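Novice: here's my sequence, what's the structure:
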Amino acid sequence: MSPEFTPPPSDAGQLPSGRIALVAGGWLVLIALAVLAAHLWQVWTRPDEEAGRPPGMGRAEQSVVEQRPFALEDSAARLRTTQHARLEDYGWVDRDAGVIHVPVERAMDAILAEEGARP
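Specialist: Okay, here's the model as predicted:
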């Protein structure tokens, strides 16, 4: 500083309102620029087309996997009945090869008779 300059005496009761207004105005400009930048970013990154609705939207569903209630589920019982019927009946496995299936009881009797006939 130069020797001729003497700063004015400070007044302890007075706030520097000019500086406060300048800082507040700077912050307001900075916030306005940030909001404007965020808006422009959303506009520039928006897809050209809106996504359509999924095909099943609005349709009532049991659950996400559309599971049947356990009381109505009978596929295991039907499979068990089919397998049990096959075990107790005669039928073709491969007609061209001449392979058949026989009831389990009959097959066990045939095996035991064959084993008994062996020396």
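Novice: CA only for contacts and neighbour counts going forward, please
Specialist: Fine.
Novice: how about the helices in the chain?
Specialist: Listed in chain order, the helices of the chain (DSSP state H) span 17-45, 75-87, 104-117.
Novice: so which of these is nearest Arg59?
Specialist: Among the helices of the chain, the nearest to Arg59 by CA to CA is helix 75-87 (25.4 Å).
Novice: average pLDDT for the closest one, rounded please.
Specialist: Helix 75-87 shows a mean pLDDT of 88 in the predicted model.
Novice: what stretches of this structure score poorly on pLDDT?
Specialist: 1, 12, 60-70, 117-119 (pLDDT under 70).
Novice: now render the helices of the chain as CSV, adding mean neighbour count and distance to Asp96.
Specialist: Below are the helices of the chain laid out as CSV (neighbours: other CA atoms under 10 Å; distance: least, CA to CA, whole Å):
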stretch, mean neighbour count, distance to Asp96
helix 17-45, 11, 66
helix 75-87, 12, 19
helix 104-117, 11, 21
